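Trainee: Sequence first, then the predicted structure:
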Amino acid sequence: MPELPEVETVRRGLEPAMKGKTVAHVDVRRPDLRWPFPTRMAERLTGQKVLRLRRRSKYLLIDMESNETLIVHLGMSGRMLIHWPDAPDGHPEPEKHDHVVFDMEGGVRVVFNDPRRFGLMDMCQTAALDRHKLLAHIGPEPLGNGFDDTYLGAALLGRKTAIKTALLDQKLVAGLGNIYVCEALWRARISPFMRACDVPPAKIRDLVPVIREILVEAIEKGGSSLKDYRQTDGDLGYFQHQFAAYGREGKPCRAPDCKGKIVRAAQGGRSTFYCHICQNVLERDG
DNA sequence: CGTACACCCTGGCCGC
DNA sequence: TGCGGCCAGGGTGTAC
């Protein structure tokens, strides 16, 4: 599902289609996603040039020349499909879950498709983005300078919730979802069930570079599939990465010389994947 | 404030 | 084959 690396991949993929181009037409094909679309969204975007595309956490930020920013969240199943103008049969007819169609000057079409409609869009003054309800309380970017072991140690202090749950908290660190949290804990050999405040300082020091490595690797792999971005299936390879833990229930642990198997357990209503040997999970409490 | 959990939504999959 | 039930899960809202 779209976590930080996937959103970053989408951002990079959209740049050649949108950056520096003027929005010629916007077709809003249903009234709402998770929330109603911003008022007069189509009118506010039409005729405006896209200055740049940014990302904050899992949010895609599209800055317009009008000093407004379009905020896009892909939710669970959201995609941005690009239809280039040189396609032999022109643009295909919109499909059932194509909710917003952006026609750019020059003929490129960008389609927001989201079957489950957990995605959302909003607009706000670019200068006021930091104060926007969705962005104001998000923690530091894991690939930025604000995320280091000093910060993480302080953030986990006194938190009794499981480290798995804590890392999913966007106020603690931005952009991590279920997949990359499972992968990071596996790689750092930390039990997902351990209370956040009980994670030893040495493990916290391990966790910071591990999280960075995993995200960077995932972005690089997403980037390598960008050449396929023109394909109408729009698949960015969300599940093409080689995960070590996520989704590998019952399969052998990939750690060298480890004879363990990946286990799946419910934690906070969602699946956690881990190796009970590497991650030293005894019962259910780390 | 921290913590826990229900809820939103659809498509895919599994078992009967 | 058809159908019910469950699962995926990010973020919000509510309750304790």
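Mentor: Received it, and whenever you're ready, just let me know what you need.
Trainee: Any residue of stretch A:168-187 touching DNA strand B?
Mentor: No. Using C-beta under 7 Å from any atom of the strand, stretch A:168-187 stays clear of DNA strand B, coming no nearer than 7.8 Å. No exception for glycine: its C-beta is placed from N, CA and C like everyone else's.
Trainee: Tell me how far the nearest residue to residue A:268 once chain neighbours are set aside lies from DNA strand B.
Mentor: Closest residue in space to residue A:268, ignoring its immediate chain neighbours: residue A:165 at 5.1 Å, by C-beta to C-beta, 6 or more residues apart in numbering. Using C-beta to the nearest atom of the strand, to the nearest Å, residue A:165 is found at 6 Å from DNA strand B.
Trainee: Neighbours of the nearest residue to residue A:83 once chain neighbours are set aside, how many?
Mentor: Computed as C-beta to C-beta, 6+ apart, the closest residue to residue A:83 that is not its neighbour in sequence is residue A:109, at 4.1 Å. Using other C-beta atoms under 10 Å, residue A:109 is surrounded by 22 other residues.
Trainee: Contact partners for residue A:279?
Mentor: A:185, A:186, A:189, A:190, A:191, A:192 (C-beta atoms under 8 Å, 6 or more residues apart in numbering).
Trainee: Could you do residue A:192 as well?
Mentor: Counted by C-beta under 8 Å, 6+ apart, residue A:192 has contacts A:162, A:163, A:164, A:181, A:182, A:185, A:267, A:272, A:274, A:279, A:281, A:286.
Trainee: Reformat the contacts of residue A:279 as TSV; add pLDDT.
Mentor: Formatted as TSV, those follow (pLDDT from 0 to 100):
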residue	pLDDT
A:185	94
A:186	94
A:189	94
A:190	94
A:191	93
A:192	93
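Trainee: Which of the residues you listed fall in strands?
Mentor: Members of the contacts of residue A:279 lying in strands (criterion: DSSP state E): none.
Trainee: Now the two most distant members of those.
Mentor: Greatest spacing in those, by C-beta to C-beta: A:189 and A:192 (11.1 Å).
Trainee: Please verify my assumption that residue A:7 contacts residue A:78.
Mentor: No. Using C-beta atoms under 8 Å, residue A:7 makes no contact with residue A:78, being 9.6 Å away.
Trainee: Just the terminal-to-terminal distance for stretch A:259-268.
Mentor: 28 Å (C-alpha to C-alpha, to the nearest Å).
Trainee: can you check stretch A:184-192 too?
Mentor: 10 Å.
Trainee: Could you do stretch A:85-100 as well?
Mentor: Stretch A:85-100 end-to-end distance (C-alpha to C-alpha) = 18 Å.
Trainee: For residue A:243, which non-adjacent residue is closest in space?
Mentor: That would be residue A:183: by C-beta to C-beta, 6+ apart, it lies 6.0 Å from residue A:243.
Trainee: wait, isn't the one you found in contact with residue A:242?
Mentor: No. Using C-beta under 8 Å, residue A:183 is not in contact with residue A:242; the gap is 10.1 Å.
Trainee: who's more crowded, these two?
Mentor: residue A:183 (24 against 8).
Trainee: Quickly note the distance from that one to residue A:210.
Mentor: 9 Å (C-beta to C-beta, to the nearest Å).
Trainee: What about the contacts of residue A:192, which one has the most neighbours?
Mentor: residue A:185 (30 neighbours).
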